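J.: structure of the sequence below:
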Amino acid sequence: MHIFSQAFKKHFVDNIVYFKRVQKNSHVIIILDDDDMILAFNDLILLKEKKDNLLKKFEMVDSCEI
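T.: You can find the predicted model right below:
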């Protein structure tokens, strides 16, 4: 899965930051740095869904339990 296939937009100042408006009042920010990915959501239910999807598709470690 490439980040652009999910319709994320690259931040105009920082090229490791991507963002997407998911719903009217829900946003997601992804920060990609080397082998690390930081997900930031303002909706905990949406965060849980997205993390579960990523864990199914990729070999990764979730360092934060919700």
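J.: do a quick rundown of the strands in this structure.
T.: 9-10, 17-23, 26-33, 36-41 (DSSP state E).
J.: out of those, nearest to Asp52?
T.: Evaluated over these, closeness to Asp52 peaks at strand 36-41, with 11.8 Å, by CB to CB. Yep, even glycine has a C-beta here, placed from its N, CA and C like the rest.
J.: Asn42: how many residues sit nearby?
T.: 12 (other CB atoms under 10 Å).
J.: was I right to think it contacts Ile29?
T.: No - counting by CB atoms under 8 Å, Ile29 is not a contact partner of Asn42; they are 9.1 Å apart.
J.: lowest-confidence helix or strand of the chain?
T.: strand 9-10 (a mean of 76; mean pLDDT, DSSP states H and E).
J.: contacts for that one?
T.: Contact with strand 9-10 is made by 17-20, as judged by CB atoms under 8 Å, 6 or more residues apart in numbering.
J.: what separation is there between the residue lying farthest from the centre of the chain and Phe19?
T.: No residue in the chain sits farther from the centre than Val13, which is 18.1 Å out by CA atoms, centre = their mean. According to CB to CB, to the nearest Å, Val13 stands 12 Å off from Phe19.
J.: overlap in contacts, the two.
T.: With CB under 8 Å, 6+ apart, Val13 and Phe19 have no common neighbours.
J.: pLDDT value on His2, please?
T.: On the pLDDT scale, His2 is placed at 53.
J.: buried residues in stretch 41-48?
T.: Neighbour-count burial for stretch 41-48 flags 41, 47 (criterion: 16 or more other CB atoms under 10 Å).
J.: just give the nearest non-adjacent residue to Arg21, would you?
T.: Using CB to CB, 6 or more residues apart in numbering and skipping the chain neighbours, the partner closest in space to Arg21 is His27 (5.5 Å).
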